[in-house]
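In: Pasting the sequence and the predicted coordinates here, then a few questions.
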Amino acid sequence: MIDDTRRLNSFLRKTRRGHVLKITHELYLRTDITCGSNACQQCIIGQTTLLDKHMKNGNNLISTGHYLLVDTNIVLQQVDVLEDPLLTNVIVPQIVLDEVRHKSLAIYKRIRSIIAIPERKFFVFINEFNKNTFVLRKPGESPNDRNDRAIRKIAQFYNEHLKQQISIVLLTDDIANRDLARQEGLIAFSLKEYISTFNRPELLDRLVLKEESFDLEKDLGKRKEIIFPEHVSVSEVQRGIKSGKYLQGTFQASRENYLEANVFVQDSEKYNQLFVQGYRNLNRAVHDDIVAVEVLPEQEWAIPFSLVIDDKDDDQGDLVIEQEETGLVVQGVSSKRTSSCRIVAIIKRNWRQYCGILQESLPGARFHLFLPHERRIPKIRIESRQAEELKNSRVMVQIDHWPRSSRYPHGHFIKTLGKLGDKETENEVILAEHDILHHEFPEAVLDCLPKLPWTITEEDLANRIDLRDFCIVSIDPPGCTDIDDALHCRSLENGNFECGVHIADVTHFVRPNTALDLEARERGTTVYLTDRRIDMLPVLLSGNLCSLRGGEERFAFSVRWEITPDAKIVNTIFHKSIIKSRSAMTYEQAQAIKDDSGINDEIARSLRRLHSIAAQLRQKRLDKGALVLESSEVRFQLDTETHDPLNVINKELRETNWLVEEFMLLANISVAEKIYELFPDCACLRKHPAPPISNFDPLVKAAETKGFQVKANTGKELADSLDQAILSAHPYFNTMLRMLATRCMMQAVYFCSGFESDIKSFEHYGLATPIYTHFTSPIRRYADVLVHRLLAAGINADATFPDLLNKRVLQQICNNLNYRHRMAQYAARASVDLHTQLFFKNMNTNEDGYVFAVRKNALQILLPRYGLETTLFLRDKDGKSVGEFHEEESTQTINNLTIHMFDPVTVQISVDSNNIQRQRIQIHLVKPFIDGFSVAPIVKNKTTIDEIDNTITTPVKRLKVKSSK
């Protein structure tokens, strides 16, 4: 017999093999679960009591103070509105939270964040274990109907429990649920009905509207028609992928042509990448979506266009011209065609919140086009009542759906970021667009930090090797405060050297699964923007207790080698240590000490020994095929108060740069070998896959224009080819070739060794090493924290814990780290672009550069002094093309003058301020002079090609190793 507080909930589930299981959940119901209201005279008032007794949230619909009760669809669809501080005293049923967590983890995290703010008064009511609110599912009743009935039961309970002192308002956009609630005597409104009573147009703009709400026939006066093919059903996609009819992959839109994209295919032996061209074939896919594709017959394969094409600025309605529909497909010989496909279904939408601007619309228009900051995202049509106020602002928008009959996806306004062109606003755009976590560290995280003053205890001394008497130094860029690493080198009696790398022992302070650890894991990496740094760890650790500052005692994790004078490693040991750095030097200071023969103290001798060994280690790597790649990197001299850019400085690389780099690489390789030996199934490693040979086609073609043959079957072949591609009259040519080689590379990624069956797949292509990891920067990279823990557990320097040796958990962490690392790189580049634009804002200057790519309607121009690559469109004042494109030779002919790739040019740089919504750097050709196209030179602020070339060392000896590490 079942007692009054015990319930059995049974349901049937079909297994993969077709069997039917009956699953029974046993629930024990309680009567002591609090309602959370301060107005309640029955429940015990405690810390869980959130809801106010007296409220002033009355409005035209309901004049008295009231509590809001939300259903699942409100949370799932309208969380942007719920995030507004206007809405307080909200009851969130447990049944709603459970359903939201099951359907969208991202939205679940957002609603949980709101609940965690005490001032918002969002109370989670545990209805499923409350005897007064639990409801059993009736025979034939759908789960959704049962949940709706449960929510109405909660409203009835609160009305009775609070004795009608405070009204309960049910917010639901489900018409049937709303009607049933009203029939039962409950107060119920749609969210739009409720917030319409407030004079807040931005709240109405945040509403997710249904597809039928977007009726453009009346607004634009244009005929609606079906543009896109219907997506195939989920079951058909599954059958098609299983049979091989369809393939699954990740959709990557083109930055240069809105009518083209690529799909990177998963689990296909025949295709790694497929090309998509034309509106119908793109079929409503958005950048980063997971899609199902069908490979087109070979006679329908398309030719990628060498055009830079933007969508029109005005709202075209929903009409698509034939050229857009087919993607401007070029007919040609089959050898030029690229294996192509069409999108047949969207397997997973990876939509996010997008930053951008509203394009100008007709006065009084309801619908407006939103232009995303990210070029690969299509324009989004939104309904807004505040377009006039937002026209000079950066705003954030979310996509809701994309009907077959709409040229653009439909979405809704979320919030205003700030004034267009304001530096703080533009920085906020960069952080939001790249999903950079930049909030203040929560109190729970700060509570994990050690208390000051921090001291070293006797127990610490007993468990570590004391290296405070060693001549240890650190070498970093100027102004560096998060000093991860330090080095030493001393002579041994047998004629060998002992070299050591000492890394900040972050794991001593960041203990597993604490709030501090979880926050660092989520952030993944420190983000370095031009004018700020967003730390992975609180500054007490990153800039103080973990930082290996000169003259201060610090905990370290040390790797020490016995090395012969010819750089052969005899022995390697790993241990925790205590160090006291003799000096925290910049690269320039260390270089000066090493080169000054008049200085012969212990630091100088150590630096010279380190340099001698590092040079041999470096040569051995290069002999194995390690690549020396290039990128156009610059840094800005900033105003100390405003942080505005004052000058652009090319990064100068010294011998001490690669001295440090070589020992960091050696430490990373040594630790990788050790942790894989200790934990072959759960080592956190970093691999750099060899690129497909087809990736090098642009590089090979570019080198051929200057008579060089680039071989890329192996890394060694590529390295040798790049070393030989030198033009004595054009020193920067080799640098540009290496920059092109960098763009052919695959992305280096973290992975768990237990998920790779072949050890050959561990290889790091760029560094020419069979195994690699990151150990040397735990202050700014969470991957290094994981590696420290694995190594410490393996040498009995610290305890292990379950998640550390769980390969599935480790791989999930690695996936997040890869994403965070990639976003941090993109954000850093975007910050440089922003400051470059700010630098040129009030300038109009000549600058010399090179043709870096030749397109059908444009030239890509590289300006080495500023690390800037920009587009020179080949059109006259009327927008008419002025060039004749020769694809095979990669040339443009204008008025009988032929321009080749790598040709030197002089351009005039300025910022186009005519359109305040789309300010951008623009260039005009000065030299070579082309009548009717070139502009007259400005006689000031000009840097010549000779000056650029004279500042460049022999390219093969340039020291920058690209971030494939």
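Out: Structure received. As the structure is a prediction and not an experimental result, all values here were calculated from the model.
In: what about the strands in the stretch 51-200 of the chain?
Out: Using DSSP state E, counting those that start in this stretch, the strands of the stretch 51-200 of the chain run over residues 66-70, 90-93, 122-125, 167-171, 187-189.
In: Pick the most buried one from these.
Out: strand 90-93 (a mean of 25; mean count of other Cβ atoms under 10 Å). No exception for glycine: its C-beta is placed from N, CA and C like everyone else's.
In: Which strands and helices lie in contact with it?
Out: With contacts taken as 3 or more Cβ pairs under 8 Å, 6 or more residues apart in numbering; DSSP states H and E, strand 90-93 sits against strand 66-70, strand 122-125, helix 143-161.
In: Give me the sheet partners of that strand and which way each runs.
Out: strand 66-70 (parallel), strand 122-125 (parallel) (DSSP bridges).
In: next one: the shortest one to chain centre, how far?
Out: What that stands for is strand 122-125. Relative to the centre of its chain, strand 122-125 is centred 33 Å away, using Cα atoms, centre = their mean, to the nearest Å.
In: Restricting to C-alpha, output it in PDB.
Out: Extracted C-alpha coordinates of strand 122-125, given in PDB (Å, rounded to 0.1, in the frame of the first residue of the first chain):
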ATOM      1  CA  PHE A 122      14.000  35.100  -8.400                       C
ATOM      2  CA  PHE A 123      12.900  32.100  -6.200                       C
ATOM      3  CA  VAL A 124      13.100  28.500  -7.300                       C
ATOM      4  CA  PHE A 125      10.000  26.700  -5.900                       C
END
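In: Numbering from 388 from now on, please.
Out: Yes, from this point I'll number from 388; that puts the last item at strand 509-512.
In: Can you tell me what sits against it?
Out: 420, 422-424, 435, 437-438, 475, 477-481, 484, 498, 501-502, 520, 541 (Cβ atoms under 8 Å, 6 or more residues apart in numbering).
In: can you tell which of the strands paired with strand 477-480 is closest to residue 652?
Out: strand 453-457 (41.4 Å; Cβ to Cβ).
In: ok, residue 883 touching residue 948?
Out: No: applying Cβ atoms under 8 Å as the test, residue 883 and residue 948 come out as separate, 9.5 Å apart.
In: give me every residue that touches residue 1158.
Out: By Cβ under 8 Å, 6+ apart, residue 1158 lies in contact with 1056, 1059-1060, 1063, 1072, 1146, 1149-1151.
In: Tell me which of these fall in helices.
Out: 1056, 1059-1060, 1063 (DSSP state H).
In: out of those residues, which is most surrounded?
Out: Within the ones in helices among the contacts of residue 1158, most neighbours by other Cβ atoms under 10 Å means residue 1059, with 26 neighbours.
In: That one against residue 1163, yeah?
Out: No: the pair residue 1059 and residue 1163 does not pass the contact test of Cβ under 8 Å, sitting 11.5 Å apart.
In: how does the protein divide into domains?
Out: 393-595, 621-699+721-735, 740-807, 836-1057, 1228-1314 (the TED database).
In: Dump the ones you listed to TSV, plus mean pLDDT and distance to residue 613.
Out: TSV is the format used below for those (pLDDT from 0 to 100; distance: least, Cβ to Cβ, whole Å):
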stretch	mean pLDDT	distance to residue 613
domain 393-595	86	23
domain 621-699+721-735	87	10
domain 740-807	88	5
domain 836-1057	91	43
domain 1228-1314	85	31
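In: In JSON lines: these, plus distance to residue 1185.
Out: Output for those, formatted as JSON lines (distance: least, Cβ to Cβ, whole Å):
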{"stretch": "domain 393-595", "distance to residue 1185": "31"}
{"stretch": "domain 621-699+721-735", "distance to residue 1185": "38"}
{"stretch": "domain 740-807", "distance to residue 1185": "40"}
{"stretch": "domain 836-1057", "distance to residue 1185": "7"}
{"stretch": "domain 1228-1314", "distance to residue 1185": "42"}
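In: Quick one: closest of the ones you listed to residue 1205.
Out: From the domains of the chain, taking Cβ to Cβ, the stretch that ends up closest is domain 836-1057, at 8.7 Å.
In: returning to that earlier point: out of residue 883 and residue 948, which sits in the busier spot?
Out: residue 948 (22 against 17).
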